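Enquirer: how does the following fold in three dimensions:
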Amino acid sequence: MHFMDLQAAVQLIGNVGFPIAISLILLQTILVKFNKQMEGLEKRLAQLDKTMNLLVRTIPQTPPKTMDLQDKKID
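Expert: Okay, here's the model as predicted:
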């Protein structure tokens, strides 16, 4: 992230006022951090997807047991 130089900050404050200028600076900072976190989550999800696919391929596939009506007692 590139911080504004002093002249740009003074010009921003002069144009929109101090509270709005600070709000814009904080919003930019928050958005940059949020984007970095989202990129990290995307990488983790991609790795999780690869791991899950590997596990699915390595676990032997067995058909599920079916329950016969004779096995189930109804009173």
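
Enquirer: what packs against the helix ranked longest in the chain?
Expert: Using DSSP state H to define each element, the chain has its longest helix at helix 18-58. Applying 3 or more CB pairs under 8 Å, 6 or more residues apart in numbering; DSSP states H and E, one finds that helix 18-58 contacts helix 6-16. All C-beta spots, glycine's among them, are computed from the backbone N, C-alpha and C.

Enquirer: what are the buried residues along the helix it packs on?
Expert: Of all the residues in helix 6-16, those buried under the rule 16 or more other CB atoms under 10 Å are residue 12.

Enquirer: re earlier: give me the angle between the longest helix of the chain and helix 6-16.
Expert: 110 degrees (axes from the mean of the first three to the mean of the last three CA atoms, to 10 degrees).

Enquirer: from the chain's centroid, how far away is helix 18-58?
Expert: The chain centre lies 4 Å from the centre of helix 18-58; the measure is CA atoms, centre = their mean, to the nearest Å.

Enquirer: just the CA trace of the helix-or-strand element of the chain with minimal mean pLDDT, in CSV.
Expert: Of all helical and strand segments in the chain, the minimum by mean pLDDT, DSSP states H and E falls on helix 6-16, at a mean of 83. Once non-C-alpha atoms are left out, helix 6-16 reads as follows in CSV (Å, rounded to 0.1, in the frame of the first residue of the first chain):
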residue,chain,number,x,y,z
LEU,A,6,1.9,15.2,2.8
GLN,A,7,0.9,17.5,-0.1
ALA,A,8,-1.8,15.0,-1.3
ALA,A,9,-3.1,14.6,2.3
VAL,A,10,-3.3,18.4,2.8
GLN,A,11,-5.1,18.8,-0.5
LEU,A,12,-7.6,16.0,0.3
ILE,A,13,-8.3,17.6,3.7
GLY,A,14,-8.8,21.0,2.1
ASN,A,15,-11.2,19.5,-0.5
VAL,A,16,-13.4,17.3,1.6
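
Enquirer: low-confidence ranges in this protein?
Expert: Within the chain, the segments meeting pLDDT under 70 span 1-4, 62-75.

Enquirer: burial check on residue 25, number of neighbours?
Expert: By the criterion of other CB atoms under 10 Å, residue 25 has 14 neighbours.

Enquirer: what does residue 22 give?
Expert: Using other CB under 10 Å, residue 22 has 13 other residues around it.
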